[in-house]
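Undergrad: Predicted model, plus sequence, below.
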Amino acid sequence: MTPIQFTIRQLLNGIPLLVGVTFLSFLLMVYFGPDLTYQLLGKNPSTEDIARVYEFLGYDQSFISRYFSYLYQILTLEFGLSMVTDQPVNFLLKSTIPVSLLLTIPGFVLGNVLSVVLALMATRYQSRIPDKIIMSFSVIGMSLSFLVIIIVFQTVFSSSYGLGWFPVRGWYVNDPDGSFSLLLYFKYVAVPTLAIIFVTLGYNTRFYRAVFVEEANKNHIQTALAFGYRIHYILFRIVLKNAMVPIMTRLIFSIPLIIISGSLLIESFFGIPGIGYVTYEAIMAGDQPVLKAIIGLTALLFVLALILSDILNQFFDPRVTLS
């Protein structure tokens, strides 16, 4: 089977997953969700006003018709207007997703690179003092609340009680002339990036170490050691390469969350106008068009991530065939 045929087959296989996720989310959010009619009307609305709002919300249609309209919105990427801001949902997504990417990508990349390095070091000194120290710090990082970490980092690096190096809140990364400023970007992204790295480092390091240790204990690694291959060559050229399948799978399935949901807690806490902040406001206000767009796009990206993961797995491990 050629890669193109395999991709087409995986796309077809992903359709039931996409339909299932969107149907369940639509059922819980719209069918069993609150009636938004009287949130859009004032006191003592007339019968004509109620009918007009019912038509606007689609309540006058059958459930199946409304669900297929939702699928059509996902396929065409046209989600209508936000019920809170009265802006096109597409405009909100286009203006906030880049902010979330700029916010989360540095922490995502640095966190995973550091986790791989620490996991390889722990594997190199398995069951010895460096391994125990790394794993102890990983457990500490996993045990702390994300909110606590954000507050501590903000207090230490941003507040007047600490170093006061970086802004406390906001997101102003452009110069007065409107051009992008790398210096301002670094100032505003530094503390959120440190918080993301600290939180993800514990989980990722433990996961990667488990993968590396499993690979390092296989017979061909012991054979390579017996033939006198250097330990660094074995770790980076054999163990790391053979462990790329679970690593890439973990990384790829993190991408939809980065692109769509962003870092909801960080954006809400620091007042950063990303997609996570928009999601939080949509949840609090019951803004169904925005929520349906975010949930639908997340499901679509997970299907695409599944396909990309299968293709890359075959690239990194020839034993995985496109059949």
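TA: Yes, it's here.
Undergrad: centroid residue for the chain?
TA: Among the residues of the chain, the one closest to the centroid is Leu257, at 1.9 Å (CA atoms, centre = their mean).
Undergrad: OK, contacts around it?
TA: Contacts for Leu257 (CB atoms under 8 Å, 6 or more residues apart in numbering) come out as Thr298. No exception for glycine: its C-beta is placed from N, CA and C like everyone else's.
Undergrad: how close does it sit to Ala226?
TA: For Leu257, the distance to Ala226 equals 43 Å [CB to CB, to the nearest Å].
Undergrad: Just checking, which helix or strand succeeds the lowest-mean-pLDDT helix or strand in the chain along the chain?
TA: Within the chain, no helix or strand scores below helix 47-57, which has a mean of 71 by mean pLDDT, DSSP states H and E. Downstream of helix 47-57, the first helix or strand assigned by DSSP states H and E is helix 63-76.
Undergrad: elements contacting the helix or strand following that following helix?
TA: Downstream of helix 63-76, the first helix or strand assigned by DSSP H and E is helix 89-124. Secondary-structure packing of helix 89-124 (3 or more CB pairs under 8 Å, 6 or more residues apart in numbering; DSSP states H and E): helix 129-143, helix 182-216, helix 264-270, helix 275-285, helix 288-316.
Undergrad: got those as a markdown table, with mean neighbour count, mean pLDDT and distance to Ala243 columns?
TA: Below are the helices and strands packed on helix 89-124 laid out as a markdown table (neighbours: other CB atoms under 10 Å; pLDDT from 0 to 100; distance: least, CB to CB, whole Å):
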| stretch | mean neighbour count | mean pLDDT | distance to Ala243 |
| --- | --- | --- | --- |
| helix 129-143 | 14 | 85 | 17 |
| helix 182-216 | 20 | 86 | 5 |
| helix 264-270 | 20 | 80 | 29 |
| helix 275-285 | 21 | 82 | 31 |
| helix 288-316 | 19 | 77 | 9 |
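Undergrad: now those helices as a markdown table including distance to Val89?
TA: Putting the helices and strands packed on helix 89-124 into a markdown table (distance: least, CB to CB, whole Å) gives the following:
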| stretch | distance to Val89 |
| --- | --- |
| helix 129-143 | 36 |
| helix 182-216 | 25 |
| helix 264-270 | 17 |
| helix 275-285 | 9 |
| helix 288-316 | 5 |
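Undergrad: what's the closest of those to Thr22?
TA: Among those, helix 288-316 comes nearest to Thr22, with 5.5 Å by CB to CB.
Undergrad: I'd like the distance from Pro167 to Tyr161, if you could.
TA: From Pro167 across to Tyr161, the span is 15 Å (CB to CB).
Undergrad: now do Ile221
TA: According to CB to CB, Ile221 stands 50 Å off from Tyr161.
Undergrad: Equivalent analysis for Ala51, please.
TA: Distance, Ala51 to Tyr161, using CB to CB: 57 Å.
Undergrad: More neighbours: the two, which one.
TA: A count of neighbours by other CB atoms under 10 Å puts Ala51 above the other of Ala51 and Tyr161, at 14 against 8.
Undergrad: ok, and the closest non-adjacent residue to Thr123?
TA: Phe212 (4.1 Å; CB to CB, 6 or more residues apart in numbering).
Undergrad: Pull the contacting residues for the one you found.
TA: Phe212 touches 119-120, 122-123, 235, 239-240, 243, counting by CB under 8 Å, 6+ apart.
Undergrad: if you set the cut-off to 7 Å instead, what comes out?
TA: Going by CB atoms under 7 Å, 6 or more residues apart in numbering, Phe212 touches 119-120, 123, 239, 243.
Undergrad: same question, Arg230
TA: No contacts exist for Arg230 under CB under 7 Å, 6+ apart.
Undergrad: gap between it and Phe236?
TA: 10 Å.
Undergrad: Likewise for Phe270?
TA: 37 Å.
Undergrad: do the same with Val245
TA: Taking CB to CB as the measure, Val245 falls 16 Å from Phe236.
Undergrad: do Ile64 as well
TA: In terms of CB to CB, Ile64 sits 55 Å off from Phe236.
Undergrad: These two - which one has more neighbours?
TA: Using other CB under 10 Å as the criterion, Ile64 and Phe236 rank with Phe236 on top: 12 against 8.
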